[in-house]
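J.: structure, please.
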Amino acid sequence: MESNTIEELTLDLQPRKFGIRGQLWTLLLGALILNGLISYYFQLRHGLSVTAMNNYVSWGIYISNFVFFVAISLVGSLISAILKLSNAKWSIPLTRIAEIIAVANIMFAGLIIIVDMGRPDRIAFLLLHGRIQSPIVWDVLVVSTYLIISILLLYIPLLPDLAILRDKMKNIPKWQHQLYKILSLNWNGNRIQYAILHKSVTTLAIIIIPVALGIHTVTSWLFASTLRGGWNSTNFGPYFVAGAFVVGAAAVSSLMYIARRYYRLEKYLTDDIFDKMGKLLVMLSLVYTYFTINEYLTPAFKMMKDDRSLIQDLFVGNFAPLFWSVQIFGVFIPVIVLLFKRGRKPLPLFILANMVIIGAWFKRYLIVIPTLFHPYLPAIKQNGVPFTIQYFPTWHEWSITIASLAGSLLVITILFRYLPFISIWEIAEEKEIAHEQINPDKSKSKN
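T.: Numbering: from 1, shown residues only. Got it, this is the predicted structure:
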């Protein structure tokens with residue numbers, strides 16, 4: 001690779017210090033996390049009685065949040081693996097952004113499950129005495145495996161860039177330089193190392209696809225293997241995977257706009273990339289819409305006793321405003337607007353992507369909570385009066401949930417601060433290949 005190209009790219013893509021807005025953003029996230037930790041302390045001290053969960057609604061927004069984290073983490077498989085293996089060169093500037101999102105969210109998917117446990121100290125029993133017949137054990141295995149592969153898929157392609165930062169960045173604190181030196185693992189950029197790197201990344205990209213599909217399918221089985229109207233569905237596996245692709249693509253679209261706007265990377269995160277991501281989001285949303293129709297049309301048509309009350313509650317009952325808001329603002333409007341080229345410009349795509357992300361979180365809420373309101377067994381009467389099942393998250397639940405979301409954003413923020421979130425060596429490699437294709441005679445004489 002030409003040194004002039006590396007110098008130019010390093011200058012453009014090197015990590016930068018936080019400005020005043022970055023510092024305020026970090027402080028805000030830190031305050032939200034601290035507030036959540038205080039609430040979690042109360043939960044540890046007093047048990048799950050500080051939540052609104054009960055014998056009927058035993059899964060609350062913690063599990064909704066878990067499903068959301070698992071869903072958004074699929075973007076690492078979508079961008080880093082599927083598009084990479086399909087030789088979609090336009091996605092190179094997005095690869096590391098997607099990997100960072102995947103790692104941050106799968107970390108907190110695991111943590112929020114521990115939060116949901118009334119006795120987190122008993123997590124060891126699950127590892128030591130878990131039965132392979134249990135879908136919970138399947139979930140632990142695939143989440144752990146996906147986390148490890150996601151970290152490797154982020155870290156291994158970082159080695160050349162860490163070495164570049166080690167050698168090129170001079171005006172940085174000594175500890176930061178030492179950190180780059182340690183993490184770069186004595187990378188010197190010879191042909192053998194690059195050959196091993198390419199082979200490793202390709203292998204990981206192939207492995208992560210079935211693992212990623214597995215984590216979302218197994219998560220869906222946690223619901224589908226439970227005998228309840230609304231969850232008793234063979235459609236849940238592909239339904240969860242399709243929804244995860246949508247929210248993951250939306251997350252990358254949102255984050256790349258922020259990166260482009262505040263780091264002035266218009267040269268790398270071009271309008272054409274936004275246009276392609278908008279088209280990808282439309283395609284994924286249409287696939288997701290197909291599975292959504294499948295999920296609700298057949299039980300709504302049959303109106304069997306088990307599903308009737310839930311369907312009515314979602315379509316015209318207590319949850320109808322939220323249900324139709326999610327469909328309209330989280331799917332229908334984004335798809336319609338993104339069909340037009342102006343809607344795929346950076347700012348409109350950013351706004352629509354955030355609508356999709358918010359809609360995706362509330363969609364997970366709708367998957368978990370309303371179903372629990374309709375158990376097979378009737379609610380027990382209290383003092384001769386039928387017990388009405390109710391659930392609205394307490395302050396402690398909201399605080400911990402918001403803290404987990406803030407924690408994921410803080411991890412992303414810190415990684416953006418200290419790592420080049422657009423791959424320097426891959427961009428340089430692409431430029432060199434393009435130069436050789438334009439000037440084949442010069443490249444031959446150089447060799």
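
J.: do you know how far the residue lying closest to T219 once chain neighbours are set aside is from S150?
T.: For T219, the nearest residue in space outside its immediate sequence neighbours is V70; the separation is 5.2 Å by C-beta to C-beta, 6 or more residues apart in numbering. All C-beta atoms are positioned from the backbone trio N, CA, C, and that covers glycine. When distances are taken as C-beta to C-beta, to the nearest Å, V70 and S150 turn out to be 12 Å apart.

J.: anything in contact with each of those two?
T.: Taking C-beta atoms under 8 Å, 6 or more residues apart in numbering as the contact definition, V70 and S150 share the neighbouring residues I106.

J.: please save the CA atoms from stretch 137-153 in CSV.
T.: Taking Å, rounded to 0.1, in the frame of the first residue of the first chain, the C-alpha atoms of stretch 137-153 are listed here in CSV:
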residue,chain,number,x,y,z
VAL,A,137,-29.6,-23.2,28.0
TRP,A,138,-29.7,-23.0,24.2
ASP,A,139,-30.0,-19.2,24.5
VAL,A,140,-27.0,-19.0,26.8
LEU,A,141,-24.9,-21.0,24.5
VAL,A,142,-25.7,-19.1,21.3
VAL,A,143,-25.4,-15.6,23.0
SER,A,144,-22.0,-16.5,24.4
THR,A,145,-20.8,-17.9,21.0
TYR,A,146,-22.2,-14.9,19.1
LEU,A,147,-20.5,-12.5,21.5
ILE,A,148,-17.1,-14.2,21.1
ILE,A,149,-17.3,-14.3,17.3
SER,A,150,-18.5,-10.7,17.1
ILE,A,151,-15.6,-9.5,19.2
LEU,A,152,-13.2,-11.5,17.0
LEU,A,153,-14.8,-10.1,13.8
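
J.: I figured T10 was touching R166, is that so?
T.: No - with contact defined as C-beta atoms under 8 Å, T10 does not count as touching R166 (11.1 Å).

J.: list the contacts of the residue nearest the centre of the chain.
T.: Relative to the mean C-alpha position of the chain, the nearest C-alpha, by C-alpha atoms, centre = their mean, is the one of I72, at 2.3 Å. In this structure, I72 makes contact with 101, 105, 244, 247-248, 251, 357, 360, judged by C-beta under 8 Å, 6+ apart.

J.: again, only using 7 Å
T.: 101, 105, 247-248, 251 (C-beta atoms under 7 Å, 6 or more residues apart in numbering).

J.: try I6
T.: Counting by C-beta under 7 Å, 6+ apart, I6 touches 164, 428.

J.: so it is in which element?
T.: Mapping I6 onto the secondary structure by DSSP states H and E places it in helix 3-13.

J.: averaged pLDDT, that helix. What do you get?
T.: Mean pLDDT, helix 3-13: 69.

J.: got it, and stretch 41-51?
T.: Taken as a whole, stretch 41-51 has a mean pLDDT of 90.

J.: would you list every one of the helices in the stretch 201-350 of the chain?
T.: Along the stretch 201-350 of the chain, the segments classed as helices by DSSP state H, counting those that start in this stretch run 236-263, 271-302, 305-315, 320-327, 333-338, 346-372.

J.: can you tell me which of those helices is most buried?
T.: Mean neighbour count, computed with mean count of other C-beta atoms under 10 Å, is highest for helix 236-263 among the helices of the stretch 201-350 of the chain, reaching a mean of 23.

J.: distance between it and the chain's centre?
T.: With C-alpha atoms, centre = their mean, to the nearest Å as the basis, the distance from the averaged C-alpha position of helix 236-263 to the chain average is 7 Å.

J.: what angle do it and helix 3-13 make?
T.: Relative orientation of helix 236-263 versus helix 3-13 (axes from the mean of the first three to the mean of the last three C-alpha atoms, to 10 degrees): 100 degrees.

J.: and helix 236-263, what other elements does it pack with?
T.: Contact analysis of helix 236-263 by 3 or more C-beta pairs under 7 Å, 6 or more residues apart in numbering; DSSP states H and E lists helix 61-72, helix 75, helix 92-116, helix 191-224, helix 271-302, helix 346-372 as its packing neighbours.

J.: check which helices and strands the longest one sits against.
T.: In other words, helix 191-224. Helices and strands touching helix 191-224, by 3+ C-beta pairs under 7 Å, 6+ apart, are helix 61-72, helix 135-155, helix 236-263.

J.: closest to L322 out of these?
T.: Comparing those by their distance to L322 (C-beta to C-beta), the top pick is helix 61-72, with 12.1 Å.

J.: how far out from the middle of the chain is the closest one?
T.: Centre to centre, stretch against its chain (C-alpha atoms, centre = their mean), the figure for helix 61-72 is 10 Å.

J.: who's in contact with the nearest residue to I79 once chain neighbours are set aside?
T.: Distance criterion C-beta to C-beta, 6+ apart; nearest residue to I79, sequence neighbours excluded, is A98 at 3.5 Å. Residues near A98 by C-beta under 7 Å, 6+ apart: 75-76, 78-80, 252.

J.: and the residues you listed as TSV, adding pLDDT?
T.: As requested, those are arranged in TSV below (pLDDT from 0 to 100):
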residue	pLDDT
V75	81
G76	77
L78	74
I79	79
S80	75
V252	93
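
J.: show me which of these is closest to A403.
T.: Proximity to A403 was ranked across those by C-beta to C-beta; first place goes to V75, at 22.1 Å.

J.: burial count for the closest one?
T.: Residue crowding around V75 was assessed by other C-beta atoms under 10 Å; the count is 28.

J.: list the contacts for the closest residue in space to it that isn't next to it in sequence?
T.: With C-beta to C-beta, 6+ apart as the criterion, V75 has its nearest non-adjacent residue at 2.9 Å, and that residue is G248. By C-beta under 7 Å, 6+ apart, the contact list for G248 reads 72, 74-75, 78.

J.: and G248, how far from F416?
T.: The span separating G248 from F416 equals 18 Å under the rule C-beta to C-beta.

J.: G230 now?
T.: Distance from G230 to F416, by C-beta to C-beta: 39 Å.

J.: what's the answer for A320, then?
T.: The span separating A320 from F416 equals 40 Å under the rule C-beta to C-beta.

J.: what does I63 give?
T.: In this structure, I63 and F416 are 29 Å apart, going by C-beta to C-beta.

J.: same deal with I123?
T.: When C-beta to C-beta is applied, the distance between I123 and F416 equals 31 Å.
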